[in-house]
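Engineer: Have a look; sequence and predicted model below, questions after that.
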Amino acid sequence: MDAAELSDRFTTAHIADACIRARIQVRCAPSAVQAVLPGTRLAGRALPVQHVGSVDVFLEALETGAVPGDVLVVDNGGRVDEACVGDLIALEARDAGLAGIVIWGLHRDTADIEAIGLPVFSMGSIPAGPLSLRDTPSGALASATVGEWAVTSDDIVLADEDGVLFIPAARSGEIFAAAEAIRDTERRQAARIRSGTSLRAQVRFADYLTARAGSPALTFRDHLRAVGGAIEE
């Protein structure tokens, strides 16, 4: 799947709801991680990297582990005092065929990155580059931490206007099928709202309130599943 297919098929919100339906942990990057160029999207296998103050780790990942379509996932510990990715790495990643970059940290060279056109998601920008060189940990190319989540090459990265989401590649088919079902239900509901049938009527909300009065343990999600609605999972 690429970003165009993601855009055509569903959103990260649909995929997050699908994870809940499939009882798979929802792993979102913190909300601060957003597109450098608003409106851009990406999708691809994770290529994790732990940044320790030098670009050589990025070059090594591209040289030894990258395949076209991967998404470089950069762990800089969520630091807000230095940028760890600039225009040269964005350009190198683009020319290596990568689908984009996700940074748990900051970027710089914003104007140049926008001109390069590779989707980059980060916590924001700052002029300063790396401020120190740290020891490279074992597994620096095996996993990256983004927020509270560990990301490996066994994961798929998806990102759009709502943010960044990580899902296990081994269960992606199941997740995508559920996301499409949720998307289709929501689109039908939206069309009916526009044609004059309220969402409350569609999901029989009055019936839910009556049933809940008799069974306080009944949740709205249980009711939605019973009537075939989709708002939340």
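Structural biologist: On my side now, so go ahead. Numbering: from 1, shown residues only.
Engineer: any weak-confidence spans in this structure?
Structural biologist: Residue ranges of the chain with pLDDT under 70: 229-233.
Engineer: what do you get if the cut-off is 50, keeping everything else the same?
Structural biologist: Across the chain, the ranges flagged by pLDDT under 50 are 233.
Engineer: All the strands of it, in order from the start?
Structural biologist: Under the criterion DSSP state E, the chain contains strands at 27-28, 34-35, 42-50, 71-75, 83-85, 100-104, 106-107, 120-122, 143-146, 149-152, 155-160, 163-168.
Engineer: For the longest one, what is the distance to the chain centroid?
Structural biologist: The reference is to strand 42-50. Counting by CA atoms, centre = their mean, to the nearest Å, strand 42-50 is centred 10 Å from the centre of its parent chain.
Engineer: top helix in this structure by residue count?
Structural biologist: helix 172-194 (DSSP state H).
Engineer: export it as PDB, just CAs?
Structural biologist: Provided in PDB are the C-alpha atoms of helix 172-194 (Å, rounded to 0.1, in the frame of the first residue of the first chain):
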ATOM      1  CA  SER A 172      -2.600  -5.800   8.300                       C
ATOM      2  CA  GLY A 173      -5.000  -7.700   6.000                       C
ATOM      3  CA  GLU A 174      -7.400  -8.200   8.900                       C
ATOM      4  CA  ILE A 175      -7.100  -4.600  10.000                       C
ATOM      5  CA  PHE A 176      -7.600  -3.200   6.500                       C
ATOM      6  CA  ALA A 177     -10.700  -5.300   5.900                       C
ATOM      7  CA  ALA A 178     -12.200  -4.100   9.100                       C
ATOM      8  CA  ALA A 179     -11.200  -0.500   8.300                       C
ATOM      9  CA  GLU A 180     -13.000  -0.700   4.900                       C
ATOM     10  CA  ALA A 181     -16.200  -2.000   6.600                       C
ATOM     11  CA  ILE A 182     -16.100   0.800   9.100                       C
ATOM     12  CA  ARG A 183     -15.500   3.300   6.300                       C
ATOM     13  CA  ASP A 184     -18.400   2.100   4.200                       C
ATOM     14  CA  THR A 185     -20.800   2.200   7.200                       C
ATOM     15  CA  GLU A 186     -19.700   5.700   8.100                       C
ATOM     16  CA  ARG A 187     -20.100   6.900   4.500                       C
ATOM     17  CA  ARG A 188     -23.600   5.500   4.300                       C
ATOM     18  CA  GLN A 189     -24.500   7.200   7.600                       C
ATOM     19  CA  ALA A 190     -23.100  10.500   6.400                       C
ATOM     20  CA  ALA A 191     -25.000  10.300   3.200                       C
ATOM     21  CA  ARG A 192     -28.300   9.700   5.100                       C
ATOM     22  CA  ILE A 193     -27.600  12.600   7.400                       C
ATOM     23  CA  ARG A 194     -27.200  14.800   4.400                       C
END
